[in-house]
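Visitor: Quick one, what's the 3D model for this:
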Amino acid sequence: MKRVITIGPNPHSKGGIASVEKLIMEHFPQNIGNYFVNTYSEGNLLVKILVFLWSLVKLNLIIMNHRNKVKIVHIHFSSKGSLVRKAIIAINLMLCKKPYILHAHTSEFHLFYNRLPKLVQKLIKIIFNKCKYLIVLSKYWREYFISNLNLPKNKIKILPNPVKISSLKQKDKNNGKINIFFAGRICKPKGAFDLIKAIKSLPENIVERLQVEIAGDGEIEKARNMVEELELYEYVKIYSWLSEAERNQKFLNADIFILPSYNEGLPMALLEAMSYGLAIITTPVGGIPEVIINNENGILVHPGNLKEISDAIRQLILDRNKIYYLGANARKTVEKFDINIYIEKLIKEIYEFKF
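Guide: All right, here's what the predicted structure looks like:
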């Protein structure tokens with residue numbers, strides 16, 4: 001049996017990488033072995049260091065015991081600490097002469113990379129150029145890595161994030177308020193605070209027709225305080241990180257999904273919202289404009305532009321038919337990102353295994 005080693009954060013932790021890992025593991029072919037090595041768990045600094053050190057030990061034990069059966073090592077990474085940890089692992093694999101694939105989930109790689117010393121940048125370039133393939137989420141990121149890390153085009157594979165397409169229960173959207181949902185890290189780069197401010201700028205007769213739910217980790221108390229200060233507590237609810245079941249229920253109850261980010265790869269939350277047939281309001285950053293076409297399957301607004309965000313919300317509140325239209329088109333668009341199609345591409349085109 002051929003075997004793969006997957007490197008990444010705990011699949012049950014928070015964040016988009018964990019969500020992708022979990023989906024892959026749930027749908028991975030049974031005739032291919034998949035060893036998982038966890039490099040990161042939430043906790044204090046000591047816990048994080050110990051988890052990473054153990055991941056190095058575990059990785060090398062697997063390679064020693066199954067050297068001929070392990071055909072590829074699949075490394076998921078983002079930026080900052082994640083990139084540092086995975087760079088160490090990649091160097092380890094280079095010394096072991098074991099081929100590896102890098103899988104970029106980052107939305108801010110360029111910001112982190114530009115701050116690195118030139119010597120470290122050179123080391124990163126070597127690590128990336130030694131990989132078998134680099135998986136990126138969009139054409140945008142392919143062009144970035146070609147231009148900035150001098151990677152040959154044939155070494156980069158575009159594989160957008162997967163989504164599980166589930167059957168939807170019919171919702172009655174003609175009664176009650178319009179439900180708006182935001183899911184992701186509650187912070188400035190994700191546009192969470194811009195969303196709250198944009199809601200405040202809407203006319204009262206529009207706000208009264210809304211129920212806004214913002215869920216995630218990050219600056220939760222800051223968001224709650226802003227809602228209180230702007231006297232939006234009747235219309236805007238802030239939640240901490242939700243379980244998968246709770247999150248799915250929020251998607252099911254929502255009409256509109258808003259993610260006004262400043263930087264992105266290709267967010268899992270966006271694809272999930274599309275799979276639930278929600279009308280999308282988001283920004284043309286990272287790989288998003290390769291998926292969302294303005295006024296066809298969503299509405300694109302510029303990052304930080306509160307007027308554009310509030311205008312988009314008002315437009316949908318006043319035209320329910322457009323909510324249905326955008327949502328139906330979003331659902332149709334995202335079908336090509338189905339996890340089963342994704343797995344087949346991953347195994348055949350990137351791992352280069354035969355089923």
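
Visitor: List the contacts of Lys307.
Guide: Shown in contact with Lys307 (CB atoms under 8 Å, 6 or more residues apart in numbering): Ser201. C-betas here are computed from N, CA, C, even on glycine.

Visitor: Report pLDDT for it.
Guide: Lys307 carries a pLDDT value of 98.

Visitor: Over to Val334?
Guide: Note on Val334: pLDDT of 96.

Visitor: can you tell me which residues contact the residue lying closest to Gly298 once chain neighbours are set aside?
Guide: If the residues on either side of it in the chain are set aside, Gly298 comes closest to Ile280, at 3.3 Å by CB to CB, 6 or more residues apart in numbering. Neighbour list for Ile280: 256-259, 270, 273-274, 292, 297-299, 326, 330 [criterion: CB under 8 Å, 6+ apart].

Visitor: what about 6 Å?
Guide: By CB atoms under 6 Å, 6 or more residues apart in numbering, the contact set of Ile280 is Phe257, Ile292, Gly298, Ala330.

Visitor: so what's the last one up against?
Guide: Meaning Ala330. Met274, Ile280, Asn297.

Visitor: and it, helix, strand or coil?
Guide: helix (DSSP: H, G, I helix; E, B strand; the rest coil).

Visitor: Sticking with the spatially closest residue to it that is not a sequence neighbour, tell me its helix or strand.
Guide: Nearest non-adjacent residue to Ala330, counting by CB to CB, 6+ apart: Met274, 4.0 Å away. Met274 is part of helix 268-275, with elements assigned from DSSP states H and E.

Visitor: in its sheet, what does whichever helix or strand comes after that helix sit against?
Guide: Per DSSP H and E, the first helix or strand lying C-terminal to helix 268-275 is strand 279-282. If you go by DSSP bridges, strand 279-282 pairs up with strand 256-259 (parallel), strand 299-300 (parallel).

Visitor: Next, format those as CSV and append distance to Lys188 and mean pLDDT.
Guide: Compiled in CSV, these are given as follows (distance: least, CB to CB, whole Å; pLDDT from 0 to 100):
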stretch, distance to Lys188, mean pLDDT
strand 256-259, 13, 98
strand 299-300, 19, 99
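
Visitor: Looking at those strands, spot the one closest to Ile146.
Guide: Nearest to Ile146 among these is strand 299-300; the distance by CB to CB comes to 25.0 Å.

Visitor: Run the chain-centre distance for the closest one.
Guide: Strand 299-300 sits 19 Å away from the centroid of its parent chain (CA atoms, centre = their mean, to the nearest Å).

Visitor: got the residue ranges for the strands in the stretch 51-200 of the chain?
Guide: Listed in chain order, the strands of the stretch 51-200 of the chain (DSSP state E, counting those that start in this stretch) span 70-77, 100-104, 133-136, 156-158, 178-183.

Visitor: out of these, nearest to Arg85?
Guide: So among the strands of the stretch 51-200 of the chain, strand 70-77 is nearest, using CB to CB, at 7.9 Å.

Visitor: Pairing partners for the closest one, with directions?
Guide: strand 3-9 (parallel), strand 100-104 (parallel).

Visitor: May I see the buried residues of the helix holding Met274?
Guide: Neighbour counts over helix 268-275 (16 or more other CB atoms under 10 Å) mark Met268, Ala269, Leu270, Leu271, Glu272, Ala273, Met274, Ser275 as buried.

Visitor: Return the residues in contact with the fourth one.
Guide: What it means is Leu271. Asn161, Val163, Val334, Phe337.

Visitor: before we move on, what about the fifth one?
Guide: Contact partners of Glu272, counting by CB under 6 Å, 6+ apart, are Val163.

Visitor: cutoff 7 Å now
Guide: Val163, Phe251 (CB atoms under 7 Å, 6 or more residues apart in numbering).

Visitor: Kindly report the same for the last one.
Guide: Applying CB under 7 Å, 6+ apart, one finds that Ser275 lies in contact with Val163, Ile165, Arg331, Val334.

Visitor: Go again with 10 Å.
Guide: Counting by CB atoms under 10 Å, 6 or more residues apart in numbering, Ser275 makes contact with 163-166, 168, 251, 330-331, 333-335, 337-338.

Visitor: per-residue confidence at Glu352?
Guide: For Glu352, pLDDT reads 88.

Visitor: Check which element follows the helix or strand containing Met25 along the chain.
Guide: Following DSSP H and E, one finds Met25 within helix 16-27. Remark: after helix 16-27, the chain's next helix or strand is strand 33-40, criterion DSSP H and E.
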